[in-house]
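A.B. asks: build me a model:
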Amino acid sequence: MTRSPASFQVTAVPGIGEVATGADLAALVAEHADLRDGDVVVVTSKVVSKAEGRVVRVTRDEAVAAETDRVVARRGATSIVRTRHGFVMAAAGVDASNTPPGTVVLLPEDPDGSARRLRSRLREVAGVTVGVVVTDTSGRAWRNGQTDIAVGAAGLLVLDDHAGRVDGYGNQLAVTAPALADEVAGAADLAKGKLGGTPVAVVRGLEALVLDAEDDGPGASALVRDEAGDMFGLGAREAVLAAVDAGADLRGFGAPAAADVVVAALVTVVGAAAGVAADGGGVAVRFAPGLDPRAAGRLEARVEAVLKAHAWDTRTTARGISARPGTP
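C.D. replies: A predicted model of the protein is given here:
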């Protein structure tokens with residue numbers, strides 16, 4: 001259990017300057033920052049990427065395609081994608097700003113690994129045990145605007161799960177879990193800003209969140225929601241298209257829904273035109289005898305779309321449709 005500090009201090013680190021491939025980022029930070037044990041060093045992913053040679057001469061669209069694992073939603077020129085890291089963000093985190101014309105900056109190959117190396121190197125050059133957070137700017141579902149989030153972390157408690165704790169009224173908490181690394185990233189961005197040319201900040205006063213020198217922690221990957229539990233794995237339009245596309249995979253729909261949920265959804269869609277029932281761990285749909293073939297075809301298409309949207313696999317039989325939970 002962590003104890004909230006009464007206060008903490010965030011200081012932007014000036015003087016880092018332009019970072020080139022191969023730069024010793026830890027040495028630059030140590031040169032320009034007054035570091036102490038228990039500090040948290042927050043650094044933008046862009047300078048980490050530049051130091052690691054992740055600046056490439058390709059078009060932005062080519063870079064986005066290469067960094068995309070799966071498209072979540074697309075509206076005009078804006079693409080929200082799931083990257084191979086598991087992040088869901090606009091344009092796969094590819095950045096065309098503050099980089100030479102004709103080039104783009106990709107996210108670090110392994111942001112948690114980058115954070116671990118930076119933490120270790122800071123211990124070598126500055127003799128301090130600190131936490132490290134690598135950040136990137138991201139939008140959030142349900143909210144306008146952007147904020148910095150943690151894409152990499154080392155030596156920091158990134159998530160504080162309150163499950164099982166009791167509040168002041170005796171209520172047991174179930175789902176409260178502050179994303180501490182994201183909160184640190186957002187606080188640091190208030191000091192760094194977007195246009196000040198200060199890609200590094202030091203947060204002091206959060207010693208309770210900083211882990212021992214030998215413990216790098218799980219990293220920011222612990223904040224990545226597994227696809228099976230993602231309730232918003234596809235945009236509204238994309239979900240409809242994926243449900244009716246026989247060739248689309250099931251990943252965007254999350255884990256297969258429970259049989260009773262599937263039965264209720266099918267009853268809503270087909271009404272009295274078919275019998276729907278759980279069937280030995282699966283679901284069976286039986287069309288009414290004498291149903292017009294064209295009506296049966298339309299009904300079958302609707303049933304299959306509903307089943308796929310619930311991440312279930314279907315099989316057409318002589319009597320109707322049989323379905324089982326799929327494997328996204």
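A.B. asks: and residue 316, what is it in contact with?
C.D. replies: Under the criterion of C-beta atoms under 8 Å, 6 or more residues apart in numbering, the contact partners of residue 316 comprise 300, 322. All C-beta atoms are positioned from the backbone trio N, CA, C, and that covers glycine.
A.B. asks: any idea what it is bridged to?
C.D. replies: With DSSP bridges as the criterion, the beta-bridge partners of residue 316 are residue 321.
A.B. asks: and it, how far from residue 292?
C.D. replies: For residue 316, the distance to residue 292 under the criterion C-beta to C-beta, to the nearest Å works out to 17 Å.
A.B. asks: strands of the stretch 101-250 of the chain, residue ranges please.
C.D. replies: 104-105, 131-140, 143-154, 200-204 (DSSP state E, counting those that start in this stretch).
A.B. asks: can I get those strands in CSV with mean pLDDT, mean neighbour count and distance to residue 40?
C.D. replies: Conversion of the strands of the stretch 101-250 of the chain to CSV gives the following (pLDDT from 0 to 100; neighbours: other C-beta atoms under 10 Å; distance: least, C-beta to C-beta, whole Å):
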stretch, mean pLDDT, mean neighbour count, distance to residue 40
strand 104-105, 96, 22, 23
strand 131-140, 95, 24, 4
strand 143-154, 96, 21, 9
strand 200-204, 98, 23, 4
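A.B. asks: for residue 5, find the nearest of those.
C.D. replies: Across the strands of the stretch 101-250 of the chain, residue 5 has its closest neighbour in strand 200-204 (9.8 Å, C-beta to C-beta).
A.B. asks: with only the CA atoms kept, save the closest one in CSV.
C.D. replies: Output in CSV follows, covering the C-alpha atoms of strand 200-204 (Å, rounded to 0.1, in the frame of the first residue of the first chain):
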residue,chain,number,x,y,z
VAL,A,200,13.1,15.8,-19.3
ALA,A,201,11.6,16.6,-15.9
VAL,A,202,12.5,15.4,-12.4
VAL,A,203,9.8,14.6,-9.9
ARG,A,204,10.8,14.8,-6.3
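A.B. asks: angle of it against strand 143-154?
C.D. replies: Between strand 200-204 and strand 143-154, the angle formed by their directions is 80 degrees, by axes from the mean of the first three to the mean of the last three C-alpha atoms, to 10 degrees.
A.B. asks: so what touches strand 200-204?
C.D. replies: When contacts are taken as C-beta under 8 Å, 6+ apart, the neighbours of strand 200-204 outside the stretch itself are 8-13, 16, 29, 32-36, 38-44, 47, 184, 187-189, 191-192.
A.B. asks: equivalent analysis for stretch 305-312, please.
C.D. replies: In this structure, residues lying in contact with stretch 305-312 by C-beta under 8 Å, 6+ apart are 239, 242-244, 248, 250, 253-257, 261-262, 265-266, 269, 283, 313-314, 321, 323-326, 328.
A.B. asks: can we see that at 6 Å?
C.D. replies: By C-beta atoms under 6 Å, 6 or more residues apart in numbering, the residues outside stretch 305-312 that reach it are 243-244, 250, 253, 256-257, 262, 265-266, 269, 314, 323, 325-326, 328.
A.B. asks: now intersect the contacts of strand 200-204 with the strands, please.
C.D. replies: When DSSP state E defines the strands, the subset of the contacts of strand 200-204 inside them is 9-12, 40-44.
A.B. asks: dump the residues you listed to a markdown table, plus pLDDT, distance to residue 71 and neighbour count.
C.D. replies: Converted to a markdown table, these look like this (pLDDT from 0 to 100; distance: C-beta to C-beta, whole Å; neighbours: other C-beta atoms under 10 Å):
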| residue | pLDDT | distance to residue 71 | neighbour count |
| --- | --- | --- | --- |
| 9 | 97 | 41 | 12 |
| 10 | 97 | 36 | 19 |
| 11 | 97 | 39 | 17 |
| 12 | 96 | 36 | 20 |
| 40 | 98 | 34 | 28 |
| 41 | 98 | 34 | 30 |
| 42 | 98 | 30 | 31 |
| 43 | 98 | 29 | 29 |
| 44 | 97 | 26 | 27 |
